[in-house]
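In: have a look at this prediction, sequence included:
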Amino acid sequence: MSILWFRATAWKWQKMKKSSLILALVVSTGFPLSVVAQSPSSGQNIAPVYEGFETNPDGSFNLLFGYYNRNWEEQIDVPVGPGNYLEPGGPDRGQPAHFFPRRNQFVFRIHVPADFGDKEVVWTLTTNGVTERAYGTLRPAYAVDAVVMSANFGAGGQTGFRPSLTGNLPPELTLESEKTMTVEIGEPVTLSAVATDDGKPGRQSISSRSIGQSHFVPNSATGLRLSWFRYRGPGEVMFDPAQTKVWEDRRDGGDSPWSAGWQTPPIPPDNRWTVQATFSEPGTYVLRALAHDGGLIKYEDVTVIVRR
């Protein structure tokens, strides 16, 4: 079963006297719980998704991509190569090789110059025997800003917008770990990152009163959080302590920032998130630190080479 994403242009929110804010809102179709229960847990493919483009101060652009894994449980690994590539300039342009279930938005960006014009970047992904493509362009309808991104993530709640989102800036994120490390298999590696935020949109959990309700627009808990997770790599990675989910598990009891009753954990001392990671197989891994305030994100990657 596929999901349709609707790009609804602009509804107006009148603020105080003369000013108004035009919002572009991308809405994910929600499902009654009975439909969720019937959705497949495995065996389905993953659709790459072109989210839209950001305009940079120098006139260049960032093309933003994510994906939709049609499975509720199956996590799929597709190494960069014939089954997972971008063109032109590929096959490797920073895309993931480990895919979590369901919707994962704004996963990576590709910088293109100001004169990119009507060119396109194509992401081709083959999973469970099905090939799909996402086409990144600068068509005006795909313009994305902070308000659109926040609404997509669900920081605006069921209405799509909260006044506290106005002026929100993405978190600041600094790695304290080396960008590249080498360890022996079975040897834990310590990862550390410092994240700060401007306090917007503020800490707010998803009410437990929404248990049993359909989610026809994204709805996310807000407040600064950080998770480490496997972005690429041939084996499992065990994190201690366990990390907050980064994929949109909207099921009741899903234990994610998008599930009813979930509360943003307290910020650790000195805004420092530290974990230990242990690897099941040798190989090269990319681990990502994702700082999220519910509406906007910042991420940094660490490469870990695991030897037998």
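Out: Okay, I see it.
In: so which residues of this protein form helices?
Out: 33-38, 146-153 (DSSP state H).
In: so where's the chain uncertain?
Out: For the chain, the stretches flagged by pLDDT under 70 are 1-38, 157-161, 208-217.
In: kindly recompute the last result at 50.
Out: Scanning the chain with the threshold set as pLDDT under 50 gives 1-35.
In: center of it - which residue?
Out: residue 105 (4.1 Å; Cα atoms, centre = their mean).
In: separation between that one and residue 230?
Out: The gap separating residue 105 from residue 230 is 18 Å, by Cβ to Cβ, to the nearest Å. The way it works is simple: take the backbone N, C-alpha and C, and place the C-beta from them, glycine included.
In: check the separation of the first and last residues in stretch 170-182.
Out: Length of stretch 170-182, first residue to last, Cα to Cα, to the nearest Å: 31 Å.
In: just stretch 71-85 next, same as before
Out: 21 Å.
In: can you check stretch 82-98 too?
Out: 15 Å.
In: name the surrounding residues that touch that stretch.
Out: 65, 67, 75-81, 107-110, 121-127, 230-233, 286 (Cβ atoms under 8 Å, 6 or more residues apart in numbering).
In: narrow these to those in strands?
Out: 65, 67, 76-77, 107-110, 121-127, 230-232, 286 (DSSP state E).
In: now, of those residues, which are buried?
Out: Listed as buried from these are 65, 67, 76, 107-110, 121-127, 230-232, 286; burial here means 16 or more other Cβ atoms under 10 Å.
In: show me where the stretch 201-308 of the chain has its strands.
Out: Assigned by DSSP state E, counting those that start in this stretch, the stretch 201-308 of the chain shows strands spanning 225-232, 237-240, 272-279, 283-292, 297-307.
In: okay if I get the ones you listed as TSV plus distance to residue 155?
Out: What follows is these, written out as TSV (distance: least, Cβ to Cβ, whole Å):
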stretch	distance to residue 155
strand 225-232	12
strand 237-240	25
strand 272-279	20
strand 283-292	10
strand 297-307	11
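In: what's the closest of those strands to residue 255?
Out: Closest of those to residue 255 is strand 225-232, at 12.5 Å (criterion: Cβ to Cβ).
In: next, the angle strand 272-279 makes with that closest one.
Out: 30 degrees (axes from the mean of the first three to the mean of the last three Cα atoms, to 10 degrees).
In: direction included, what does strand 225-232 pair up with?
Out: strand 283-292 (antiparallel) (DSSP bridges).
In: chain center to the partner strand, what's the gap?
Out: 12 Å (Cα atoms, centre = their mean, to the nearest Å).
In: give the buried residues for it.
Out: Here strand 283-292 shows 283, 285-292 as buried, counting by 16+ other Cβ under 10 Å.
In: now the angle between helix 146-153 and that strand, please.
Out: Using the same axes, to 10 degrees, one finds that strand 283-292 and helix 146-153 are set 110 degrees apart in direction.
In: with just CA atoms, put strand 283-292 into PDB.
Out: Extracted in PDB, the C-alpha atoms of strand 283-292 (Å, rounded to 0.1, in the frame of the first residue of the first chain):
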ATOM      1  CA  GLY A 283      33.700  -3.600   7.700                       C
ATOM      2  CA  THR A 284      33.300   0.200   7.300                       C
ATOM      3  CA  TYR A 285      30.400   1.900   9.000                       C
ATOM      4  CA  VAL A 286      29.000   5.400   9.000                       C
ATOM      5  CA  LEU A 287      27.300   6.300  12.200                       C
ATOM      6  CA  ARG A 288      25.200   9.500  12.300                       C
ATOM      7  CA  ALA A 289      24.400  11.900  15.200                       C
ATOM      8  CA  LEU A 290      21.100  13.500  14.500                       C
ATOM      9  CA  ALA A 291      20.100  16.500  16.600                       C
ATOM     10  CA  HIS A 292      16.400  17.300  16.300                       C
END
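In: many thanks, we can stop here.
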